[in-house]
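*Asks:* fold the following.
(chains A and B)
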Protein chains: 2
Amino acid sequence: MAKDFSTREENYSKWYNDIVQRAGLAESSAVRGCMVIKPYGYAIWEKMQAALDKMFKDTGHSNAYFPLFIPKSFFSREADHVEGFAKECAVVTHYRLKNDPSGKGIVVDDTAKLEEELVIRPTSETIIWDTYRQWVQSYRDLPILINQWANVVRWEMRTRMFLRTAEFLWQEGHTAHATREEALEETYRMLDVYTRFAEKFMAIPVLQGSKSENERFAGAMETLCIEALMQDGKALQAGTSHFLGQNFAKAFDVKFASKEGTLEYVWATSWGVSTRLVGALIMAHSDDHGLVLPPKLAPIQAVIVPIYKTRKEYDVVCEKARGLKHELEQHNILVKLDDRDTHKPGWKFNEYEFKGVPVRLAIGPRDVEKGTVELARRDTLKKQVIPLKDAGAVVTALLDEIQDGLYQRALSFREKNTRKADTWESFKKILDEKGGFILAHWDGTAETEEKIKDETKATIRCIPLEKNKEAGRCVYSGKPSEGRVVFARAY
Amino acid sequence: MAKDFSTREENYSKWYNDIVQRAGLAESSAVRGCMVIKPYGYAIWEKMQAALDKMFKDTGHSNAYFPLFIPKSFFSREADHVEGFAKECAVVTHYRLKNDPSGKGIVVDDTAKLEEELVIRPTSETIIWDTYRQWVQSYRDLPILINQWANVVRWEMRTRMFLRTAEFLWQEGHTAHATREEALEETYRMLDVYTRFAEKFMAIPVLQGSKSENERFAGAMETLCIEALMQDGKALQAGTSHFLGQNFAKAFDVKFASKEGTLEYVWATSWGVSTRLVGALIMAHSDDHGLVLPPKLAPIQAVIVPIYKTRKEYDVVCEKARGLKHELEQHNILVKLDDRDTHKPGWKFNEYEFKGVPVRLAIGPRDVEKGTVELARRDTLKKQVIPLKDAGAVVTALLDEIQDGLYQRALSFREKNTRKADTWESFKKILDEKGGFILAHWDGTAETEEKIKDETKATIRCIPLEKNKEAGRCVYSGKPSEGRVVFARAY
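*Replies:* Numbers count the residues shown, from 1 in each chain, chains lettered A, B, ... in the order given. Model (predicted):
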């Protein structure tokens, strides 16, 4: 590997940044806290979007688009929501610039001050529920099952590419229901969609759970989440699905005439995942040779590199390579042939290895003679020579094998790094020496949760949905507990 | 048609708004000048996006994402650009709100003032060229062929849904090239992509041309455009492709080492279309019965409505209808079966007619007996009864016929409404009595162009690319001209 690239061992944080930058995924921009998502990084996000969008539509949702701007006063309507979201945000106060009278560029035109400031959406519950009021009269208008793909802004002080940026891209689902049961069902349904996406596409096993009150979405009655474990032993929240009760319906006066003729407040959910998932993807699978991508989200699934010395060899090899490309395309494989003669094969090997292309095929004059091709898989770095004529079937099977292998590897990593702690000493010891998920008893109070966080930086990642009833004593306070919850330090 | 719906004749502007709202395409939001794009309207935009995105990728472009915010100073760098764009824009000045000390909601926190104000992008040339500086060292790094799907904000005073809104959705291509010729070639290539999209997908014939200096994009050397004619005789600019020369490269200091070893400024293009196209689509084809959609952009291409009186008939008819749905899906037709028993067939007929669904299929007990189905096409409102077993093939062919028919109808409308004017009197008379495109001689000066605009509100829509050399005299000034240009009043 290139000398200037960190290993995970040396510096995990630098290793992550090096991958993001050198694999061409993203870079910092001239605007504090905002990143530029480069074509290769954006292509991964597009693949995520396509898979999720299909899952949303298959579960009956439609896309729509709501304004970027939210009137400031909207945030005051829902008491908890304002505390959680209205504080660190981008505020538009003016709508015009003018030439500086002193001739130094342009300045804000003070005569163009907005009567009410506009907030760049940090999340869209308020503007959407203000809209839903017009859409809902009777139970016949329900459910409303809408999703939005959008950019949002939260003025974060410490940012990291993909994981935490001031502006990020996401989807936010916002649904409206006639009953509490239907809304709860939707909350769980979307958590399952996220779980399937994480496991089948991202090849990342996740824990399903609910958040403690402290960690709940501002304005929610219940926040469900999926939690993944990264290679440095820290947890990453990979998606949330909120049961909002009637909070937003009450704040925005959204009522409907029920079948029975009574006037009721509407029940709500919201759920979202963001470009943060690209960060999770990088950290879950990559190694000291660079990015590793699961085939289902790889913009390039297989790359063909021609090996040659002379111009004549180049022509012969490239002809075969083009045939191979066509063959793989027939198998619906996203394949790239890099036949540039400005870069050497060795350079290309490094390049695609670093970019995490799952399968590399090299074909040289000897291969042409023998009707073979050399195959290298990115996950294990193992090579094999196969008959050229079998390439389509072999690569297809190999991509499935890699997808599954990455999931299994991540799963066994998580299993190895999920530990029970029954004393406060062992809790702290595990956290400092090994990290990972810690299953421990908790007395259920926000006070204890806060103290644990203050002393160790560990938070309750979730209260597992599949909670095994188990009587015990809180690892911190010694008070009684009915079951273990999941602690970890987190991104 | 419903009584409260305007005809084009009565009130064209109200007719347009009625369609937008009643067909469920969009509505105004609580934020001045910003609209909510509702699911049915957004589904049309998604179909446009999918078609365009494929065309961009087929011509070698990749998607990426750049920040929403642009530092104010960036706009001062390109002299023309600042005049055109920095003035009417949304300006972020603060990054925090706080509780009002007097307890009345939340207020801007004055201690959280940005050192440099951020402008919400009205277009992204500046932030993108600031980024490209890092990406380009040598000719090997060129061309850069990038597109971005994004929201942009221009603080418009008079807004109309889809046609002109403060925030809108669009794509913006930004390419960088080693030579003037390559950049020009790209500018024309993308104009052709837009032309093909307008004609093949939107079924709208367009004129290709270049803009006069007055109407050029701020910062461009040359702006190419496609111009469409709406049913009220007004023109609508449906897409632009700009040759930016080296203006932005100079403003942001983007240079490359050429093959010959010299240091040169990079050549640029940018090109974009927006949700405005949804407005164009509505106005080009719709009629006094509501929306009319070309099949290639219709979210629902065919709708099946069961006809029945008794529960038993409902069951029998719906079973056939489900079979029919399956059959049409096998033909890749986007089909909806509306088997709700809460709405009457007549209501459904009106609903889908108003929503512009290209083909309606009605099936009743008699049809079940006879093995037939009734077909109604939205464009001509004609009906026919066909054998049920032929439905897949017949509807497939019919969708093509409707797509082509809409284009031909729009084309013949444009031909009928394109007129030559050789005197100032006839110019004004045509404009006031008929509207449409006027082909007239122009002396080539901005002064004359301005005067014509002041006196008639007509602008030069474009100087046709296929300009027929024809000596003449300017319709306004009488000075010599080498060929006719296209005038119209425009959206």
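
*Asks:* list the beta-bridge partners for residue A:302.
*Replies:* For residue A:302, the beta-bridge partners are residue A:335, residue A:359 (DSSP bridges).

*Asks:* which parts of the stretch 301-450 of chain A sit against chain B?
*Replies:* residue A:342 (C-beta under 8 Å from any C-beta of the partner chain). For the C-beta atoms, the positions are set from N, CA and C on the backbone; glycine is no exception.

*Asks:* return the lowest-mean-pLDDT helix or strand in chain A as CSV; C-alpha atoms alone will do.
*Replies:* For chain A, the helix or strand with the lowest mean confidence is helix A:79-85, at a mean of 74 (criterion: mean pLDDT, DSSP states H and E). Output of helix A:79-85 as CSV, limited to C-alpha atoms (Å, rounded to 0.1, in the frame of the first residue of the first chain):
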residue,chain,number,x,y,z
ALA,A,79,-42.4,22.1,22.5
ASP,A,80,-39.9,19.2,22.4
HIS,A,81,-39.1,19.7,18.7
VAL,A,82,-38.0,23.2,19.2
GLU,A,83,-35.5,22.2,21.9
GLY,A,84,-34.0,19.5,19.7
PHE,A,85,-33.8,21.2,16.3
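
*Asks:* check which element follows it along the chain.
*Replies:* Where DSSP states H and E defines the elements, the next helix or strand beyond helix A:79-85 is strand A:88-99.

*Asks:* what about that next one, distance to the chain center?
*Replies:* 31 Å (C-alpha atoms, centre = their mean, to the nearest Å).

*Asks:* quick one: is that strand near chain B?
*Replies:* Yes - Strand A:88-99 lies within reach of chain B by C-beta under 8 Å from any C-beta, at A:88, A:89, A:90, A:91, A:92, A:93, A:94, A:95, A:96, A:97, A:98.

*Asks:* now swap in stretch A:40-51 and tell me
*Replies:* Yes - Stretch A:40-51 lies within reach of chain B by C-beta under 8 Å from any C-beta, at A:42, A:43, A:45, A:46.

*Asks:* average pLDDT for that stretch?
*Replies:* Across stretch A:40-51, the average pLDDT comes to 98.

*Asks:* touching that stretch from outside, list them.
*Replies:* The contact list for stretch A:40-51, computed with C-beta atoms under 8 Å, 6 or more residues apart in numbering or on different chains, reads A:20, A:23-26, A:37, A:149, A:162, A:169, A:171, A:197, A:201-202, A:275, A:277-278, A:281, A:293, A:296-299, A:355, B:62-65.

*Asks:* now the stretch 201-350 of chain A against chain B: closest residue?
*Replies:* residue A:342 (6.6 Å; C-beta to the nearest C-beta).

*Asks:* and the stretch 151-300 of chain A, by the same measure?
*Replies:* residue A:155 (4.4 Å).

*Asks:* number of residues surrounding that residue?
*Replies:* The burial count assigned to residue A:155 is 21, neighbours taken as other C-beta atoms under 10 Å in any protein chain shown.

*Asks:* what backbone torsions are found at residue A:160?
*Replies:* phi -140, psi 140 (degrees, to the nearest 10).

*Asks:* equivalent analysis for residue A:478, please.
*Replies:* Per degrees, to the nearest 10, the backbone of residue A:478 is at phi 80, psi 0.
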